[in-house]
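> Starting from these lines, generate the structure:
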Amino acid sequence: MRNIYLIARREFLSYVATWGFWLSLLSVPMFMALGFGMPILIESSQPTRYYVLVDETGGTLEQAVYDQIDATRAEQAERMREVTQDMLGDNPQVQAALESSMQLSDDDYIRVSPPETSLDALRPYLTGQAELETQDGPQGLFAAIYLSEPSPGQIEIDYWSANLTDSGLRAQIRNALRDHMQLEHLVEAGVDPVLIEQADDLAPTVRELNPQRSAETAEVSENERLPIFVGVATAFGLWVVIFSVVNMLLTAMIEEKGNKVLEMMLASARHHEILVGKLLGVAAVSFTLLLFWGGLASTGGFAAQQFMAAADIPAAEIMGTLFSPALIGPAIGYFIIGYLMYGAIFLAVGSLCETIQDAQSLMSPIMLIMMVPLFLVMMAIDAPDNPIVAVASWVPLWTPFIMLVRLPQDIGLFEVIGTTLGMIAMATAVIWGAGQLFRMGALNQANQDTVKGWFKIGKKKSIG
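Numbers count the residues shown, from 1 in each chain. Presented below is the predicted three-dimensional model:
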């Protein structure tokens, strides 16, 4: 045990006492902050688009466009209210904040009225050769839109713009006039406009109920789906940890083997002690990373909980759903066993290699195996009972990733216990096999020369 402790301590300090470790420690929170903040920053820094709308029918189509746009916005706002109410309840403070955010949101596209509306007069503004006076100062013209009705029931849109990528305004105008044309067609067919408006407001009331609960508590709320997203995040987190941290095991093993450090360690410790010590040492590095990141997440979660408590949001219910012991316990087990299994594989691979180039050739099939569960995880979100997903869950190399997503979806205790036992058996076999392979590789009894020797079978030595 002392040798295992000393090797684990050496591995831990060799990684922690480097600039790369501290940079990686801080890089994840930084990139997470960028991931959450960048879309907001991009949205807030998005330039305002100024456009000209010319209705050659005298204003009929123009009025129809803005009426339909207003109706679409009102419908989207109502949907957002319903989703917020399903997740956070009928909370007046939340609804008031939502209303305020809707009122403060600015349009991405603003209409202007230049002195001249002909295409020849607007062309310099569209091509950047001239600028219009706007509320934000001189600005170029993003688009000029001409609406016409060559014949009854036929509408044409001439959309002039030098920007070929931003199609938001074009789609907005097109969709608004499409809805207008459909409405006019129904009216001309004799349908009362009031009936059409009433028909648009019709929608069924859907209650999602869980048959495993009593009638009083059977209704499913939106916050009960949150553990699924936590499971997906944990599965991807495990993949990232395995890919990054155990890769350190591989490179370190190759360096130690090339520098004869491994031979010196074998002189004072057994091969299985070195294997276990390295696994535990790098596991301690992973635990340090997760502890730091978890501390930051807990701080952010505590601040969010205080905010939710001030807004009368059921924070305790949401947190209890997210961090249920029935979910967290198996998730930790899958995480640990998956790490040990893949860590042993990478150590064994590293012991067989003399250079990084050798490792890359051996890593290719392993990476293909590791890429498969990423696709199955996305499939398991919507269809956890899919036969392909269910069968793949029993493949021990894929079990920790897929089961982390399936756990929140009530898959049954039999699958949880069965896949766990299968993964434990696989991990035990892998660690034992990796230990034997590690011993052979460390003693140069199995390396690239061994493979080259396979191709020399049956060749006779030349007689000089």
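
> the longest strand in the protein is where?
strand 143-151 (DSSP state E).

> and the helix or strand that that strand is followed by with strand 143-151, angle?
For strand 143-151, the following helix or strand on the C-terminal side (DSSP states H and E) is strand 154-160. Strand 154-160 and strand 143-151 are oriented at 160 degrees to each other (axes from the mean of the first three to the mean of the last three CA atoms, to 10 degrees).

> what about strand 154-160, average pLDDT?
For strand 154-160, the mean pLDDT works out to 91.

> Which strand or helix spans the residue nearest in space to the middle of the chain?
The centroid of the chain falls nearest to Ala233 when counting by CA atoms, centre = their mean (7.0 Å). Ala233 is located in helix 226-258, with elements delineated by DSSP H and E.

> and that helix, how far out from the chain's middle?
How far helix 226-258 lies from its chain's middle: 16 Å, per CA atoms, centre = their mean, to the nearest Å.

> Ok, stretch 429-436 next?
Counting by CA atoms, centre = their mean, stretch 429-436 comes out at 34 Å from the chain centroid.

> could you dump that stretch to PDB, C-alpha only?
C-alpha atoms of stretch 429-436 as PDB (Å, rounded to 0.1, in the frame of the first residue of the first chain):
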ATOM      1  CA  ALA A 429     -11.300  -7.600 -16.400                       C
ATOM      2  CA  VAL A 430      -9.800  -4.600 -18.100                       C
ATOM      3  CA  ILE A 431      -7.800  -3.600 -15.100                       C
ATOM      4  CA  TRP A 432      -6.400  -7.100 -14.700                       C
ATOM      5  CA  GLY A 433      -5.700  -7.400 -18.400                       C
ATOM      6  CA  ALA A 434      -4.200  -3.900 -18.500                       C
ATOM      7  CA  GLY A 435      -2.000  -4.900 -15.600                       C
ATOM      8  CA  GLN A 436      -0.600  -7.900 -17.500                       C
END
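
> tell me the pLDDT at the residue nearest to the centre of the chain?
76.

> How about Arg111?
pLDDT, Arg111: 88.

> circling back to that earlier point, quick one: average confidence on the longest strand of the chain?
Rounded mean pLDDT across strand 143-151 is 90.

> Sheet partners, orientation included, of it?
Strand pairing for strand 143-151, determined by DSSP bridges: strand 49-55 (parallel), strand 154-160 (antiparallel).

> Distance of the residue nearest to the centre of the chain relative to Leu404?
To Leu404, Ala233 is 9 Å away according to CB to CB, to the nearest Å. In short, each C-beta sits where N, CA and C put it, glycine included.

> ditto for Ala283
Taking CB to CB, one finds Ala283 at 18 Å from Leu404.

> From the neighbour counts alone, determine which of those two ranks first.
A count of neighbours by other CB atoms under 10 Å puts Leu404 above the other of Ala283 and Leu404, at 28 against 19.

> close enough to count as contact, the more buried one and Ala331?
Yes. The pair Leu404 / Ala331 is scored as a contact, 5.7 Å apart, by CB atoms under 8 Å.

> any shared contact partners between those two?
231, 234 (CB atoms under 8 Å, 6 or more residues apart in numbering).

> I'd say Gly433 and Ala348 touch.
Yes. Applying CB under 8 Å, one finds Gly433 in contact with Ala348, separated by 7.4 Å.

> So these two - more neighbours on which side?
Applying other CB under 10 Å to Gly433 and Ala348 shows that Ala348 carries more neighbours, namely 26 against 13.

> OK, contacts around the nearest residue to that one once chain neighbours are set aside?
Ranked by CB to CB, 6 or more residues apart in numbering and with sequence neighbours excluded, the top spatial neighbour of Ala348 is Ala434, at 3.8 Å. Shown in contact with Ala434 (CB under 8 Å, 6+ apart): 275, 344-345, 347-348.

> what's the closest of the residues you listed to Leu141?
Ranked by distance to Leu141 (CB to CB), the contacts of Ala434 are led by Ile345 at 60.4 Å.

> Look up the pLDDT of the closest one for me, please.
76.

> what's the answer for the one 5 residues further on, then?
As predicted, Gly350 sits at a pLDDT of 69.

> same thing with Thr127?
The model reports Thr127 with a pLDDT of 90.

> And for Ser118, the neighbour number?
Ser118: 11 neighbours (other CB under 10 Å).

> Now it. Its backbone dihedrals?
With angles defined as degrees, to the nearest 10, Ser118 sits at phi -70, psi 150.

> Quick one: residues contacting it.
If you count contacts by CB under 8 Å, 6+ apart, Ser118 has none.

> Run the angle between whichever helix or strand Ala425 is part of and helix 226-258 for me.
Element membership for Ala425 (DSSP H and E) is helix 413-442. Helix 413-442 runs at 10 degrees relative to helix 226-258, counting by the same axes, to 10 degrees.

> can you give me how far helix 413-442 is from the chain middle?
29 Å.

> What mean pLDDT does that helix get?
Rounded mean pLDDT across helix 413-442 is 79.

> now stretch 68-80
On average, the pLDDT along stretch 68-80 is 79.

> what's the answer for stretch 169-176, then?
pLDDT averaged over stretch 169-176 gives 90.

> For it, output the C-alpha coordinates as PDB.
What follows is stretch 169-176 as a C-alpha-only set of coordinates in PDB (Å, rounded to 0.1, in the frame of the first residue of the first chain):
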ATOM      1  CA  LEU A 169     -36.100  40.400 -42.400                       C
ATOM      2  CA  ARG A 170     -36.900  38.700 -45.700                       C
ATOM      3  CA  ALA A 171     -38.400  35.700 -43.900                       C
ATOM      4  CA  GLN A 172     -40.400  38.000 -41.600                       C
ATOM      5  CA  ILE A 173     -42.000  39.900 -44.500                       C
ATOM      6  CA  ARG A 174     -42.600  36.700 -46.500                       C
ATOM      7  CA  ASN A 175     -44.300  34.900 -43.600                       C
ATOM      8  CA  ALA A 176     -46.500  37.900 -42.700                       C
END
